[in-house]
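Enquirer: Provided below for reference: sequence and predicted model.
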Amino acid sequence: MIPDGNLLGRWLDALSSQLELPPEVTLKAGTWENGSDFPDERYPCAILADSSDQTVCVFVGGDPTAEDALVRLAGELQDDLAMRSWGTPVPQCPGHPHPLRPTTVQGAAVWTCPQDPERHTHPIL
Ligand SMILES: [Zn+2]
C-alpha cells in the first residue's frame with residue numbers, strides 16, 4: 001500500500017501534534033529513492049529532521065494496508081523522538097508514566113495503553 005501525498009500529509013499533520021514535536025524538529029513528506037532512475041522505485045517517506053542534521057527517513061510504501069503503514073510510521077517516529085528527548089514518553093498514557101503504543105485494533109490504527117488496552121485506546125486519526 002502506497003499512500004498518496006494527501007493521505008501522507010494527513011498522517012504527518014496528525015502525528016506532528018500527537019507526538020508533540022519539539023520546535024527544532026520538523027516532519028515532512030519526501031521521496032525515498034533506491035539510487036535508481038526508475039520511477040517505480042521511488043516511494044513516499046516521512047522525513048524527521050532537526051538543526052543538527054540528525055535526519056531519519058521512514059519509508060511508507062511497503063505495508064499491506066494504510067492502517068499498518070500508519071501504525072508503523074507512528075512507532076518509528078515515536079522511537080526516534082524518544083531517543084532525541086532521552087526517553088520522554090510521548091504521547092503519554094493518561095495516568096501512567098509510559099507512552100501509548102501504536103497498534104491496530106479491528107483494522108483501525110490506534111494509540112493504546114501497553115498494559116491495559118481496555119483502560120485507554122483512541123484512534124490515531
Ligand atoms: Zn497505560
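Expert: Here it is on my side, so go on.
Enquirer: ok, now how distant is Y43 from the ion?
Expert: Separation of Y43 from the ion (Cβ to the ion, to the nearest Å) stands at 34 Å. Every residue, glycine included, has its C-beta placed from N, CA and C.
Enquirer: could I get the contacting residues of that residue?
Expert: Applying Cβ atoms under 8 Å, 6 or more residues apart in numbering, one finds that Y43 lies in contact with 2, 31-32, 59-62.
Enquirer: that one falls within a helix, correct?
Expert: No - counting by DSSP: H, G, I helix; E, B strand; the rest coil, Y43 is not found in a helix; it is strand.
Enquirer: per-residue confidence at it?
Expert: Listed pLDDT for Y43 reads 78.
Enquirer: same check, this time on C57
Expert: 89.
Enquirer: which element, helix or strand, includes it?
Expert: strand 56-59 (DSSP states H and E).
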